[in-house]
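# A structural model of the following input is requested.
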Amino acid sequence: MQEHKSPIPYGRQHITDKDIDEVIRVLKSDYLTQGPEIEAFEQAFATYVGSKFAVAVSNGTAALHLCALALEVKNGSKIITTPLTFAASGNCILYCGGEVVFADIDPETWLIDIEYVKQLLNAAPEGMYQGIIPVDFTGRAVNLEAYRELADENGLWIIEDSCHAPGGWFLNSENIESRCGSGEFADLAIFSFHPVKHIAAGEGGMITTNNPELYQKLLSLRTHGIIKDNDRYSNTPNIARGKFIQDDDDKKEEYPGWYMEMQDLGYNYRLTDFQAALGRSQLLRADEGLKRRKEIAKRYAESFAGEPWLIRQAGFVDGHAYHLYVVEVEKRKELYDYLRQNKIFAQIHYIPLHLMPYYRKLGWKPGDLPNAEKYYSSCISLPLYPSLSEEQQEYVIETIRSFYGK
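Reported below is the predicted structural model:
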């Protein structure tokens, strides 16, 4: 086995000259923020995932926070999610004063276990829970049709955390592909444009929905709770013009062009135009990148099938978007160190959220979610990104085999 000269990370962005040209074009334009690139990116993304509406925001965490606000999470709200996720999937509920309740994972798929969720709901008084946040972990699509049925039975909303899964899908009961973020079953879905994700914008996020009321609410909350819409103003035209009296002609007056209203307490969670231009340029190559991710995943699956040191691997699932390729292995810590010694920077996704000190202070403890904890004891994410070459992947495979004495 030859030593590889360049470090191989678990994930990385792929920026082309076309991407750079698009960013430069916007930098030379009249708008760096709040300009036309935002809506163009939103429309293109909505078309890609098959939703009616899309709202671009500053990052995936902001997307989750705005979803929780739009769905009126507040003190006393109890929301169910998986511990096998990035911290933001749970933290967004805490930001609004709600309580996070974790459901264990299915050990075969590593996704939130619907049977566990059913047990939580059946054991609780009616109305105790308000919503569910399923996560398309590693890029594998959650069967949201099943969750929609469960949610409707219990009066719950659904936020799909699809940061790992643009382009992912599952087959619904009619044997038709249901695309992640399409809004077919979830009330809201969110995506991230962090550099290691499928679509890189430096930072950035997107919320998709088919609900026009939630869409309008998100647009307002994204920008300080401010709206600019004559049909939705609360103040009268006279007040808007600075004439603080009521008279019969008030309703006949028009609102001045400068007028806007802050109707809710919102945030500055806007995306910039040059980030939107980069994201839209990357979106044009999304299917190409997804195809390459699947090729890499399939090669890993075939290369490791039947290995005695392998506890479980992601295998190959056609609708999987393969943000990550995870394997559960024996001697995980030793393998992790050996790979780093050989310039392969694998990663661990994730430390179960309920074991983080902050959540342990809220009452969670080891042993509460045994499937997630068992997964964490042996998981490791291997390098997977579209620009990973066949030579680099072969080096990763051979290095792993070398560690285990093959």
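# check contacts around Arg340.
Taking C-beta atoms under 8 Å, 6 or more residues apart in numbering, we find Arg340 in contact with Ala346. In this view, the C-beta of every residue, glycine as well, is placed from N, C-alpha and C.
# so what pLDDT did Glu253 get?
Glu253 is assigned 81 on the pLDDT scale.
# hmm, it is touching Pro237, no?
Yes: the pair formed by Glu253 and Pro237 meets the contact definition of C-beta atoms under 8 Å, at 3.7 Å.
# list the contacts of the lowest-mean-pLDDT helix or strand in the chain.
Taking all helices and strands of the chain together, the one with the lowest average confidence (mean pLDDT, DSSP states H and E) is helix 237-241, at a mean of 90. Taking contacts as C-beta under 8 Å, 6+ apart, the residues outside helix 237-241 that touch it are Tyr233, Phe244, Ile245, Gln246, Asp247, Asp250, Lys251, Glu253, Glu254, Tyr255, Pro256, Tyr259.
# mind redoing it with 10 Å?
The set of residues external to helix 237-241 that reach it, using C-beta atoms under 10 Å, 6 or more residues apart in numbering, is 230, 233, 235, 243-247, 249-256, 258-261.
# now the buried members of those.
Listed as buried from these are Tyr233, Tyr255, Tyr259, Glu261; burial here means 16 or more other C-beta atoms under 10 Å.
# just flag the most distant two among those.
With distances taken as C-beta to C-beta, the most widely separated pair in these is Tyr255 and Glu261, at 9.6 Å.
# who touches both of those two?
What both Tyr255 and Glu261 touch, as defined by C-beta under 10 Å, 6+ apart, is the set Lys228, Asp229, Tyr233, Asn235, Ala240.
# can you redo those as CSV with distance to Phe274 and secondary structure?
Rendered in CSV, the data for these read as follows (distance: C-beta to C-beta, whole Å; DSSP: H, G, I helix; E, B strand; the rest coil):
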residue, distance to Phe274, secondary structure
Lys228, 23, coil
Asp229, 27, coil
Tyr233, 32, coil
Asn235, 35, coil
Ala240, 33, helix
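# and those residues, which is closest to Pro212?
Out of the shared contacts of Tyr255 and Glu261, the one with the shortest distance to Pro212 is Asp229. That distance is 13.1 Å, counting by C-beta to C-beta.
# which element is Ser281 on?
Assessed by DSSP states H and E, Ser281 sits inside helix 273-283.
# pull out the buried positions in that helix.
Burial within helix 273-283, assessed by neighbour count using 16+ other C-beta under 10 Å, is assigned to Asp273, Phe274, Gln275, Ala276, Ala277, Leu278, Gly279, Arg280, Ser281, Gln282, Leu283.
# how close does the first one sit to Met262?
Separation of Asp273 from Met262 (C-beta to C-beta, to the nearest Å) stands at 23 Å.
# ok, the residue nearest in space to the middle of the chain - contacts?
When the chain is reduced to its mean C-alpha position, the nearest residue by C-alpha atoms, centre = their mean turns out to be Cys163, at 2.1 Å. Under the criterion of C-beta under 10 Å, 6+ apart, the contact list for Cys163 reads 60-61, 63-64, 85-86, 88-89, 135-137, 139, 180, 189-194, 197-198, 205-206, 323.
# and the strands in the stretch 301-406 of the chain?
Taking DSSP state E, counting those that start in this stretch to define them, one finds strands in the stretch 301-406 of the chain at 310-313, 325-329, 344-345, 379-382.
# dump those strands into a markdown table; add distance to Val396 as well.
Output for these, formatted as a markdown table (distance: least, C-beta to C-beta, whole Å):
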| stretch | distance to Val396 |
| --- | --- |
| strand 310-313 | 14 |
| strand 325-329 | 10 |
| strand 344-345 | 6 |
| strand 379-382 | 6 |
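# need those strands in CSV (columns: mean pLDDT, distance to Tyr269 and mean neighbour count).
Formatted as CSV, the strands of the stretch 301-406 of the chain follow (pLDDT from 0 to 100; distance: least, C-beta to C-beta, whole Å; neighbours: other C-beta atoms under 10 Å):
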stretch, mean pLDDT, distance to Tyr269, mean neighbour count
strand 310-313, 97, 37, 16
strand 325-329, 98, 30, 23
strand 344-345, 98, 31, 18
strand 379-382, 98, 28, 22
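# out of these, flag the one nearest Lys361.
Set against Lys361 and scored by C-beta to C-beta, the strands of the stretch 301-406 of the chain come closest in strand 379-382, at 24.9 Å.
# which elements pack onto the closest one?
Contact partners of strand 379-382 among helices and strands, from 3 or more C-beta pairs under 10 Å, 6 or more residues apart in numbering; DSSP states H and E: helix 286-304, strand 310-313, strand 325-329, helix 332-341, helix 390-403.
# switch to 8 Å and redo it
Strand 379-382 is packed against strand 325-329, helix 332-341, with contacts defined by 3 or more C-beta pairs under 8 Å, 6 or more residues apart in numbering; DSSP states H and E.
# okay, now the unreliable bits of the protein?
Low-confidence regions of the chain, defined here as pLDDT under 70, cover residues 1-4, 248-249, 251, 406.
# if we go to 90?
With pLDDT under 90 as the threshold, the chain has low-confidence stretches at 1-5, 236, 238, 241-254, 315, 406.
# care to break it down by domain?
Segmentation of the chain into domains, based on automatic domain parsing, reads 17-224+266-283, 226-262, 286-403.
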